[in-house]
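**Student:** Only the shape, not the letters, is given here:
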């Protein structure tokens, strides 16, 4: 500002007020800038903590899904094994019944067909479960990425709220000019 012009314009008595106002405006602008920087830094630090939490959550969910899949596969394998034993026992029982001819052959074929149908049913169920497992894993990945993207967006938003140094100085200069013009006699 043209400080030398103040006395020439008859503003010498207003000069201390002008300087005080300009100083307060500058101090306020820099305090606000510092507060915005601090808030952005806090948002960043919170995002780091939340990201670790999101990674832990994804890992635990995927571990639980993998354990559930493993247990289901083991259980179904035991079911098939038990059904095979039942089928063998039924076949031996048919053979032991000492029936002759075609009837025994038909009974054995029927017993084997039932066992095969059961095994196929279990295998189809397992395949469906494996596909669902893959979809669940993809869902945990998508959820994780969404959370990370939201955190990044929050951090970017916080840093975008920080006024630039040039903007801060321009606002102080504009305020000073407005004060100077308002103090200038008409």
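**Tutor:** Now that the structure is in, tell me what you want to look at. Remember, predicted model here, so these are calculated numbers, not experimental data. Residues are numbered from 1 along each chain as shown.
**Student:** leaving aside the residues next to it on the chain, what's closest to the most centrally placed residue in the chain?
**Tutor:** With distances taken as CA atoms, centre = their mean, residue 147 lies nearest the centre of the chain, 1.8 Å away. Among residues not flanking residue 147 along the chain, residue 54 sits closest, at 4.4 Å (CB to CB, 6 or more residues apart in numbering). C-betas here are computed from N, CA, C, even on glycine.
**Student:** what's the burial count for the one you found?
**Tutor:** 19 (other CB atoms under 10 Å).
**Student:** And for the one 3 residues further on?
**Tutor:** Residue 57 is flanked by 14 other residues according to other CB under 10 Å.
**Student:** Determine the set of other helices and strands touching whichever strand or helix holds residue 154.
**Tutor:** Using DSSP states H and E, residue 154 maps to helix 102-160. Where contact means 3 or more CB pairs under 8 Å, 6 or more residues apart in numbering; DSSP states H and E, helix 102-160 is packed against helix 15-96.
**Student:** Thought residue 52 was touching residue 147, still the case?
**Tutor:** No: between residue 147 and residue 52 there is no contact under CB atoms under 8 Å: 11.3 Å.
**Student:** hang on, the earlier thing: and after the helix holding residue 154, which helix or strand comes next?
**Tutor:** For helix 102-160, the succeeding helix or strand toward the C-terminus, using DSSP H and E, is helix 165-183.
**Student:** Can you mark which positions in that following helix are buried?
**Tutor:** Neighbour-count burial for helix 165-183 flags 168, 171, 172, 175, 176, 179, 180, 183 (criterion: 16 or more other CB atoms under 10 Å).
**Student:** try stretch 151-161
**Tutor:** 151, 154, 155, 158.
**Student:** Give the residue spans of the protein that score low on pLDDT.
**Tutor:** 1-14, 98-102, 185-186 (pLDDT under 70).
**Student:** Try it again at 50.
**Tutor:** By pLDDT under 50, the weakly predicted segments of the chain are 1-3, 5-6, 9.
**Student:** re the thing from before, which of the buried residues of helix 165-183 lies at the shortest distance from residue 46?
**Tutor:** Taking CB to CB as the measure, residue 46 lies nearest residue 168 of the buried residues of helix 165-183, at 25.1 Å.
**Student:** Next up, the contacts around the closest one.
**Tutor:** By CB atoms under 8 Å, 6 or more residues apart in numbering, residue 168 lies in contact with 29, 30, 33.
**Student:** can I assume the last one is in contact with residue 162?
**Tutor:** Yes: taking CB under 8 Å as the definition, residue 33 is a contact partner of residue 162 at 6.4 Å.
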